[in-house]
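Chemist: Here's my sequence, what's the structure:
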Amino acid sequence: RCLSCLLPASEIAGLATITLLPRGGGIAAVDGKDAGACDVDGQSCAFRYYTPCTLLRLKPNTGPLQGGTLVSCAGRGFVSTGEIVARFSAGGLDHCVPAAF
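Modeler: Prediction:
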């Protein structure tokens, strides 16, 4: 099974302590030293907040309707997490594609 949750904004970057509170009682704490590191019991893992990135320009900034254009994004604050995606929104539709450094 997989649990998903939308975390709230944080005022600071860094490691966070996350506590899961199941209905009916009990506590599962998530408090790690390294983001992504899990305890040996398999019940808790760490989470790291990053500062927002800033996108300054795209190159190229145009392309054909059929897609396939490789776009370079220039900016600040990009963090290599291994899970980066770029979201393109047009005509009310969103498309997420993998991104890499």
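Chemist: From residue 90, how far off is the nearest residue to residue 100 once chain neighbours are set aside?
Modeler: Closest residue to residue 100 apart from its sequence neighbours, by C-beta to C-beta, 6 or more residues apart in numbering: residue 84 at 7.0 Å. In this view, the C-beta of every residue, glycine as well, is placed from N, C-alpha and C. Using C-beta to C-beta, to the nearest Å, residue 84 is found at 20 Å from residue 90.
Chemist: These two: who's more crowded?
Modeler: Neighbour count, other C-beta atoms under 10 Å: between residue 84 and residue 90, residue 84 has more, with 13 against 7.
Chemist: Please name the residues that touch the more buried one.
Modeler: By C-beta atoms under 8 Å, 6 or more residues apart in numbering, the residues touching residue 84 are 78, 98, 99, 100.
Chemist: Run through the chain and note the low-pLDDT ranges.
Modeler: Low-confidence segments of the chain (pLDDT under 70): 1, 19-45.
Chemist: mind listing the strands for it?
Modeler: 14-16, 18-20, 28-30, 47-49, 54-59, 72-76, 85-90, 93-98 (DSSP state E).
Chemist: Which one, of those strands, ends up nearest to residue 65?
Modeler: strand 85-90 (10.0 Å; C-beta to C-beta).
Chemist: Show me what the closest one is in contact with.
Modeler: 71, 73, 94, 95, 96, 97, 98, 99.
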